[in-house]
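Trainee: Build me a model:
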Amino acid sequence: MKKIVNVKSTVKTILASVAFCGALLNPISGMAAESGSVCSSITATGNPEYPPFLWQQEQTGQLRGAVANLMGKLSEKINIPIKTIYVGPWSRSQQEVKSGRVDLMAGAFYTSERADYMAYFAPAMMFTKSMVWQSSRRKFDYQKWSDLRNNWGVTVINNSFGQDFDDYAKKNLSLLTVASLEQAFSMLDAGRADYVLYERSPGVAYVRHMSLEGLVEAVEPSISSEGLFLTISKLSPCNTPELRSRITTALRELVDEGVPQDVLVNALAEWSSKTR
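Mentor: Next up is the predicted model:
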């Protein structure tokens with residue numbers, strides 16, 4: 001990972017320039033640096049309904065999955081403990097990072113709203129496609145975003161599918177939000193919604209978990225393909241120039257070494273064995 005970006009322009013501009021631009025800090029992030037805080041440990045959280053990237057391990061209150069495993073590798077690189085913890089549903093996770101009570105968001109798409117309270121590290125840890133999920137018994141023709149306009153959709157509260165689609169959805173789609181992906185798929189299967197919006201890999205994992213194979217399916221094309229980024233709260237006491245530099249260097253090394261792909265393969269196997 002090369003840089004951390006405090007984003008004020010559009011996502012396309014940011015992602016095009018992130019490889020060579022400097023770290024841009026606002027007064028809020030500077031406050032942590034000026035305080036001289038020593039960060040001896042780091043907390044991270046994320047979406048607990050996101051297998052194989054993340055899922056909750058009920059016995060420990062921690063999060064498992066590819067991104068949690070990647071945080072372990074990052075911890076070894078920077079020689080600071082990183083604990084990936086469960087703090088509640090995805091909406092609560094975002095609030096905890098926004099407040100600075102949790103330091104890192106272990107996996108988030110870019111949106112301008114999130115960039116107001118989190119600084120993004122680049123490059124992306126991983127990439128994922130977001131899909132339209134339909135009932136196999138009540139399918140409608142979907143080829144482009146506008147095909148969704150006359151149908152009722154469901155997704156999870158505070159979920160994002162990239163800035164472009166989010167902007168389009170706010171203006172044009174009838175989209176309900178619910179607390180969990182399991183609830184969204186249950187509504188789809190019961191005929192209470194026409195489609196669900198969610199990422200491919202977590203969606204496949206939950207379809208299998210809920211025994212909905214053959215009843216619920218993802219349809220092409222994807223609505224977006226986005227990078228899954230590591231971010232740091234602008235209110236975190238760990239948000240210092242020295243630590244950001246260490247994380248930047250370490251994450252770039254991990255990506256160059258192909259570690260994200262390795263931990264994803266292992267997490268897929270772990271989730272599959274867990275749900276058999």
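
Trainee: Going by C-alpha atoms from here, please, whenever you check contacts or count neighbours.
Mentor: Will do.

Trainee: what are the ranges of the helices in the chain?
Mentor: 11-17, 27-34, 66-78, 90-99, 112-115, 163-172, 181-189, 200-209, 241-256, 259-274 (DSSP state H).

Trainee: want to throw those helices into CSV with mean pLDDT, mean neighbour count and distance to residue 221?
Mentor: Formatted as CSV, the helices of the chain follow (pLDDT from 0 to 100; neighbours: other CA atoms under 10 Å; distance: least, CA to CA, whole Å):
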stretch, mean pLDDT, mean neighbour count, distance to residue 221
helix 11-17, 38, 13, 21
helix 27-34, 39, 16, 39
helix 66-78, 97, 21, 25
helix 90-99, 96, 20, 26
helix 112-115, 94, 16, 25
helix 163-172, 95, 13, 13
helix 181-189, 96, 21, 19
helix 200-209, 90, 19, 11
helix 241-256, 95, 17, 27
helix 259-274, 89, 16, 23
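
Trainee: With distance to residue 42 added, can I get the ones you listed in a markdown table?
Mentor: Output for those, formatted as a markdown table (distance: least, CA to CA, whole Å):
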| stretch | distance to residue 42 |
| --- | --- |
| helix 11-17 | 26 |
| helix 27-34 | 14 |
| helix 66-78 | 9 |
| helix 90-99 | 12 |
| helix 112-115 | 20 |
| helix 163-172 | 28 |
| helix 181-189 | 28 |
| helix 200-209 | 26 |
| helix 241-256 | 11 |
| helix 259-274 | 20 |
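
Trainee: Residue 136: which of these is closest?
Mentor: helix 181-189 (8.9 Å; CA to CA).

Trainee: Against which helices or strands is the closest one packed?
Mentor: With contacts taken as 3 or more CA pairs under 8 Å, 6 or more residues apart in numbering; DSSP states H and E, helix 181-189 sits against strand 126-135, strand 152-156, strand 195-199, helix 200-209, strand 216-233.

Trainee: Which residues does it contact?
Mentor: 49, 134-135, 154-156, 178, 193-196, 206-207, 210, 215-216 (CA atoms under 8 Å, 6 or more residues apart in numbering).

Trainee: give the contact list for residue 89.
Mentor: Residue 89 neighbours (CA under 8 Å, 6+ apart): 47-49, 179-180.

Trainee: I'd like the distance between it and residue 114.
Mentor: 17 Å (CA to CA, to the nearest Å).

Trainee: With residue 202 instead?
Mentor: 21 Å.

Trainee: what do you get for residue 92?
Mentor: As for residue 92, its distance to residue 114 is 14 Å (criterion: CA to CA).

Trainee: Next: residue 155.
Mentor: Distance of residue 155 to residue 114, computed by CA to CA: 18 Å.

Trainee: now do residue 187
Mentor: In terms of CA to CA, residue 187 sits 28 Å off from residue 114.

Trainee: Residue 182 too?
Mentor: 25 Å.

Trainee: go on, residue 154?
Mentor: Distance, residue 154 to residue 114, by CA to CA: 21 Å.

Trainee: again, but for residue 101
Mentor: Where residue 114 is concerned, residue 101 sits at a distance of 16 Å (CA to CA).

Trainee: next one: residue 199
Mentor: For residue 199, the distance to residue 114 - CA to CA - is 19 Å.

Trainee: Check residue 64 too.
Mentor: Distance from residue 64 to residue 114, by CA to CA: 24 Å.

Trainee: and what of residue 235?
Mentor: 13 Å.

Trainee: Same check on residue 191?
Mentor: Distance, residue 191 to residue 114, using CA to CA: 33 Å.

Trainee: likewise residue 65?
Mentor: 23 Å.
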